[in-house]
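the following comprises the amino acid sequence and a computationally predicted model.
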Amino acid sequence: MHKEELLELHEQMVIIKDNFAAREEVDGSIFEEYEEIGVDPSHVHKSKSEHKHAVFVLGNALASAMSEDEFSNAGRVGKRMQELAEDAEGKL
């Protein structure tokens, strides 16, 4: 995936995050790890690896927001996103 495509994906995921964060039934703290990374889709100067890590962390948070438990489809996606985020972080 090219960096421009990754930035577009990151931007779309942030829109979804904002939608979830606005819901009362979703605990906003679920997105804290993503916010702490400090990589926003508008930060085009950041490396592709930094954006990839942010996308995986955000993907994990979104899957957690949608999952009922770790064995649901979203829960399994979240677990995989967590593994990919850890791998991406190791490559920073």
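Good, I have the coordinates. Numbers count the residues shown, from 1 in each chain.

give the buried residues for the helix or strand of the chain with the lowest mean pLDDT.
Lowest by mean pLDDT, DSSP states H and E among the helices and strands of the chain is helix 73-90, with a mean of 80. Within helix 73-90, the residues that qualify as buried are 74, 75, 77, 78, 79, 81, 82, 84, 85, 88, counting by 16 or more other CB atoms under 10 Å. The way it works is simple: take the backbone N, C-alpha and C, and place the C-beta from them, glycine included.

export those to JSON lines and tack on distance to residue 8?
What follows is the buried residues of helix 73-90, written out as JSON lines (distance: CB to CB, whole Å):
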{"residue": "74", "distance to residue 8": "23"}
{"residue": "75", "distance to residue 8": "27"}
{"residue": "77", "distance to residue 8": "20"}
{"residue": "78", "distance to residue 8": "22"}
{"residue": "79", "distance to residue 8": "25"}
{"residue": "81", "distance to residue 8": "18"}
{"residue": "82", "distance to residue 8": "23"}
{"residue": "84", "distance to residue 8": "18"}
{"residue": "85", "distance to residue 8": "19"}
{"residue": "88", "distance to residue 8": "18"}
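
I'd say residue 50 and residue 92 touch.
Yes - taking CB atoms under 8 Å as the definition, residue 50 is a contact partner of residue 92 at 6.5 Å.

quick one, which of the two is more surrounded?
Higher neighbour count among residue 50 and residue 92: residue 50, with 17 against 9, using other CB atoms under 10 Å.
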